[in-house]
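J.: Take this sequence and fold it.
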Amino acid sequence: MTVATSSWGEVEAEKFAGKRAQLVDRAPLAIVQYGKDLTIEDWNGAAERLLGRAREEALGRRVDELLPASGDPDAWRGLLAADGASSRVWSHLRKDGGVVSVEWHHDRILDEHGAVVGVGVFGHDVTERIEQTRRHHQREVILQAITQSLPIIVWAIDREGIFTCHEGKALEGIGLQQGSHIGKNVFDLYASNPHGCEVLRRALAGEGSHSESLTHGVFWENWEIPMRDERGEVASVVGFTLDISKPKNTEQELRARLELIERQQRVIRDLSTPIIQVWEGVLTLPMIGVLDSARTAEVMDTLLEAIVRTGARFAILDLTGVELVDTKTASYLLDLVGAIRLLGAEGIVTGIRSNVAQTIVSLGLDLANITTLGNLRAALQYCIRQMSKERAAGATQAPR
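T.: As a prediction, the model looks like this:
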């Protein structure tokens, strides 16, 4: 009877051990058991899948050689002396070359005398969590670098307009402390800026914006970005406010300088191409310096307008002070004389220098129909003679 009872107990113990082994093998957590000498004694199916090594490959190997813990060669041995109150997160190299991060919990295995004979560890994959934490930390570092290095304010308000974030280097320039607006209502703080408040209300309604403004005596470039919750509703607005006072002031200075230069250029052009009425019906345009295409085009517009306005009969182009003309300009001069003729006046060219004459000849331009004289004095005498002839002809033809 005693033998029968003993046999039945052994059978039940074996069944229990078998069921326990099945449960361990099917457990969702990776389970690894190793002895005091760090030799692996158990390795379940979840460990095979997570760590990429078959049970047969793992059993009998040293755990610290098969799964070296990142940054600590004595990590596995240390568990023999540590209680299981806290977890450890270690990274391991899989057989396929991938890296997996595992959060391990452990429990020491004791003999009947209470001595530690091994360790059982239970782990699950936290690779994605670790990667998310790394990315989150990286974003925090980048944001901190931006807010501490650039003249910017990073802020956020909730749907009621309460500041939940308010920081950035640009706060120093306007005498505000980091986070000084947190907990305060933006619409109360900036009630004197109705346009800015309207922009924020539109942002809370879902309309992002990008604008420039002048607040605290500083030029700002602003971005307002609505942030939506899982239902698609605007839960907050995140903003970036960049101090652009320096480039703005530089832009204004440049614009003022450009306007001054343009005014000076207009004065210089008026002085360098003065249209003078030297006689009734006679205009003269003394030109000085280098005559290029742009300047010739401007002269044409100015001179033709003056001929129409004054009803001039003659227009003298005095080139005595012109040292150089380009090839295109020589052609423009002929066009200008032709345009003068179309207005019923006569164009006269005087004071052509030798190098200018060579340019005209080299181009093969025909000056046969253009009156050219040596100097301004000769041109004025020519105009007087022509007007005298016209008056005489007019008197002869008048009825008696």
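J.: all contacts plus neighbour counts: C-alpha atoms, from now on.
T.: OK.
J.: what lines up beside the helix or strand encompassing residue 165 in the sheet?
T.: Assigned by DSSP states H and E, residue 165 belongs to strand 163-167. Taking DSSP bridges as the criterion, strand 163-167 forms sheet pairs with strand 152-158 (antiparallel).
J.: re earlier: show me which residues of the helix or strand that the strand holding residue 165 is followed by are buried.
T.: Once strand 163-167 ends, the next helix or strand along the chain (criterion: DSSP H and E) is helix 170-173. By neighbour count on 16 or more other Cα atoms under 10 Å, the buried set for helix 170-173 is 170, 171.
J.: Show me the contact partners of the helix or strand that helix 170-173 is followed by.
T.: The C-terminal neighbour of helix 170-173 among helices and strands, as given by DSSP H and E, is helix 186-189. Helix 186-189 is contacted by residues 157, 161, 162, 163, 197 when judged by Cα atoms under 8 Å, 6 or more residues apart in numbering.
J.: okay, who's weakest in the residues you listed by pLDDT?
T.: Least confident entry in those, by pLDDT: residue 197, with 90.
J.: OK, contacts around it?
T.: 186, 187, 190, 191.
J.: what secondary structure does the last one sit in?
T.: On the three-state scheme (DSSP: H, G, I helix; E, B strand; the rest coil), residue 191 is labelled coil.
J.: Would you tell me what the next helix or strand after whichever helix in the chain runs longest is?
T.: Longest helix of the chain, by residue count under DSSP state H: helix 245-272. Downstream of helix 245-272, the first helix or strand assigned by DSSP H and E is strand 276-279.
J.: how far does that following strand sit from the chain's center?
T.: Here the centre of strand 276-279 is set off from its chain's centre by 58 Å, with Cα atoms, centre = their mean, to the nearest Å.
J.: so residue 340 makes contact with residue 347?
T.: Yes: Residue 340 is in contact with residue 347 according to Cα atoms under 8 Å; the separation is 6.0 Å.
J.: shared neighbours of the two, anything?
T.: Contact criterion Cα under 8 Å, 6+ apart; residues shared by residue 340 and residue 347: residue 315.
J.: Number of residues surrounding residue 284?
T.: 24 (other Cα atoms under 10 Å).
J.: who's the spatially closest residue to it that is not a sequence neighbour bridged to?
T.: Spatial nearest neighbour of residue 284, chain neighbours left out: residue 316 (4.5 Å); criterion: Cα to Cα, 6 or more residues apart in numbering. Taking DSSP bridges as the rule, residue 316 bridges to residue 284, residue 348.
J.: Quick check: residue 316 vs residue 96, distance?
T.: 93 Å (Cα to Cα, to the nearest Å).
J.: Of these two, which one has the most company?
T.: Taking other Cα under 10 Å, residue 316 and residue 96 do not tie; residue 316 has more neighbours (25 against 9).
J.: The more buried one is in contact with residue 351, isn't it?
T.: No: Residue 316 is beyond contact range of residue 351, at 10.3 Å (criterion: Cα under 8 Å).
J.: any common contacting residues for these two?
T.: residue 376.
J.: rewinding a little: which residues touch the strand holding residue 165?
T.: Residues contacting strand 163-167 (Cα under 8 Å, 6+ apart): 147, 153-158, 178-186.
J.: which two from those residues end up farthest apart in space?
T.: 147 and 185 (22.0 Å; Cα to Cα).
J.: Might you report the residue contacts of the nearest residue to residue 310 once chain neighbours are set aside?
T.: Once flanking residues are discounted, residue 310 sits nearest to residue 281: 7.4 Å by Cα to Cα, 6+ apart. By Cα under 8 Å, 6+ apart, the contact list for residue 281 reads 310, 311, 312, 313, 314.
J.: which residues does the third one contact?
T.: Put plainly, it is residue 312. Neighbours of residue 312 in contact, by Cα under 8 Å, 6+ apart: 280, 281, 282, 283, 345.
J.: Okay, the second one and residue 299: tell me how far apart.
T.: So that's residue 281. 19 Å.
J.: got it, and the third one?
T.: Distance check for residue 282 against residue 299: by Cα to Cα, it reads 17 Å.
J.: now do the last one
T.: Residue 345 sits 16 Å away from residue 299, going by Cα to Cα.
J.: And for residue 213?
T.: Noted for residue 213: a distance of 44 Å to residue 299, by Cα to Cα.
J.: cool, residue 210 as well?
T.: For residue 210, the distance to residue 299 - Cα to Cα - is 45 Å.
J.: and the two? which has more neighbours close in?
T.: Neighbour count, other Cα under 10 Å: between residue 210 and residue 299, residue 299 has more, with 21 against 13.
J.: Tell me the pLDDT of the more buried one.
T.: Each residue has a pLDDT score; the one for residue 299 is 78.
J.: Contacts for stretch 377-397 next, please.
T.: Here stretch 377-397 makes contact (Cα under 8 Å, 6+ apart) with 282, 314, 316, 348, 350, 373.
J.: Just name the shakiest helix or strand of the protein by mean pLDDT.
T.: Taking mean pLDDT, DSSP states H and E as the measure, helix 2-26 is the helix or strand of the chain with the lowest mean score, a mean of 55.
J.: Okay, now the sheet partners of the following helix or strand past it, with direction.
T.: Per DSSP H and E, the first helix or strand lying C-terminal to helix 2-26 is strand 30-35. Applying DSSP bridges, strand 30-35 is found paired with strand 40-43 (antiparallel), strand 116-125 (antiparallel).
J.: okay, these in JSON lines with mean neighbour count and mean pLDDT next?
T.: As requested, the strands paired with strand 30-35 are arranged in JSON lines below (neighbours: other Cα atoms under 10 Å; pLDDT from 0 to 100):
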{"stretch": "strand 40-43", "mean neighbour count": "21", "mean pLDDT": "94"}
{"stretch": "strand 116-125", "mean neighbour count": "20", "mean pLDDT": "94"}
